[in-house]
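**Student:** Fold the following and give me the result.
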Amino acid sequence: MLDSLTPAEQASLQQFEQLLKVKGAVVATHAKKMLGAPLLSKLQAAAVFDINVVSNEAGEHAFMTSPGAFHKFTSPLIDDAFDHAKALVSALSYGMSQSTPVRGRIWGVELILAKLLRGEAVGPAPAIGSDYRALEFERVVQITRTGNGYFTMRLLKMEVGQIALQVLKGGDAAAAALEVLPSAGMSGYTPPEAARTDFRTKKQGPQSKSQMRTLLSAVRGGGSL
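**Tutor:** Have a look, this model is predicted:
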């Protein structure tokens with residue numbers, strides 16, 4: 001497929017790959033502008049890039065990542081850690097690129113991850129209560145309500161944060177994984193395999209949303225979400 005690309009398409013692909021190396025994850029709409037719809041469709045069909053979908057109160061938001069950034073192993077335990085790291089990278093990327101200052105825009109992602117990796121809490125911000133629910137449900141992070149719609153977050157699975165930091169710095173997740181794995185163990189996050197099949201994830205019905213709110217309320221110690 002790559003050999004069939006025109007010189008212009010190859011140049012666009014090379015430019016996008018360089019951007020992906022720097023950022024770790026790129027908003028899918030920006031990828032479409034850079035590559036063009038026909039080329040992006042070809043690359044998606046050939047699984048050249050992964051599509052990760054983050055869901056929150058504002059809808060669904062797709063991000064492109066490089067499969068090479070998340071080296072695949074055969075252990076299900078390790079695969080879980082990589083999927084959680086992909087979700088964390090996507091949620092943080094949303095916070096940097098699309099979240100508004102009012103809900104809690106992220107401006108220093110490496111500083112935030114460093115704080116989380118020291119075992120400290122980040123926040124408070126309204127966005128934390130929405131953007132990381134899938135990771136909270138998987139016990140990757142602990143979210144605490146501080147009142148007035150604000151939340152703080154702590155990282156429970158440090159290896160996931162280490163992998164995410166390596167990718168967001170433009171490195172290879174496999175290198176970080178060799179140091180911190182194995183150890184690890186979403187509704188609001190659609191992994192690449194599912195997102196490639198259908199860009200639009202199934203909408204939760206009222207009953208499903210209610211059940212998720214009930215479960216997360218129990219995780220957070222009661223009270224409304």
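**Student:** Quick check: mean pLDDT of whatever helix or strand Gly161 lives in?
**Tutor:** Gly161 belongs to helix 158-168 when assigned by DSSP states H and E. Mean pLDDT, helix 158-168: 86.
**Student:** for stretch 121-136, same thing?
**Tutor:** On average, stretch 121-136 scores 89.
**Student:** end-to-end on it?
**Tutor:** Stretch 121-136 has its terminal residues 14 Å apart, counting by C-alpha to C-alpha, to the nearest Å.
**Student:** For Lys23, see how far away the residue nearest to Leu155 when sequence neighbours are not counted is.
**Tutor:** Once flanking residues are discounted, Leu155 sits nearest to Leu116: 3.9 Å by C-beta to C-beta, 6 or more residues apart in numbering. Quick note: C-beta positions are derived from backbone N, CA and C, even for glycine. For Leu116, the distance to Lys23 equals 19 Å [C-beta to C-beta, to the nearest Å].
**Student:** Flag the shaky bits of the protein, pLDDT-wise.
**Tutor:** Along the chain, the parts satisfying pLDDT under 70 run over 1, 68-79, 171-225.
**Student:** What segments of it are strands?
**Tutor:** Assigned by DSSP state E, the chain shows strands spanning 26-27, 50-56, 59-65, 122-125, 141-147, 150-155, 189-190.
**Student:** circling back to that earlier point, could you list every helix and strand in contact with the helix holding Gly161?
**Tutor:** helix 76-97, helix 109-117, helix 173-180 (3 or more C-beta pairs under 8 Å, 6 or more residues apart in numbering; DSSP states H and E).
**Student:** Pull out the buried positions in the second one.
**Tutor:** Of the residues in helix 109-117, those buried under the neighbour-count criterion (16 or more other C-beta atoms under 10 Å) are Val109, Ile112, Leu113, Leu116.
**Student:** quick revisit: how close does the residue nearest to Leu155 get to Ala164?
**Tutor:** 9 Å.
**Student:** How about Ser130?
**Tutor:** 19 Å.
**Student:** who's more crowded, the two?
**Tutor:** Ala164 (30 against 21; other C-beta atoms under 10 Å).
**Student:** Wait, that one touches Ala81, no?
**Tutor:** No: in this structure, Ala164 is not within contact of Ala81 by C-beta atoms under 8 Å, at 10.2 Å.
**Student:** my read: Val167 touches Phe63, true?
**Tutor:** No: assessed by C-beta under 8 Å, Val167 is found out of contact with Phe63, at 11.5 Å.
**Student:** Please say which of these two ends up with more neighbours.
**Tutor:** Set Val167 next to Phe63 and count neighbours by other C-beta under 10 Å: Phe63 wins out with 30 against 23.
**Student:** check contacts around the more buried one.
**Tutor:** Residues in contact with Phe63, defined by C-beta atoms under 8 Å, 6 or more residues apart in numbering, are Ala25, Val26, Val27, Ala28, Ile51, Asn52, Val53, Val54, Val89, Ser90, Ser93, Tyr94.
**Student:** will you turn those residues into CSV that also has neighbour count?
**Tutor:** Output for the contacts of Phe63, formatted as CSV (neighbours: other C-beta atoms under 10 Å):
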residue, neighbour count
Ala25, 26
Val26, 21
Val27, 19
Ala28, 20
Ile51, 22
Asn52, 26
Val53, 22
Val54, 28
Val89, 28
Ser90, 31
Ser93, 26
Tyr94, 23
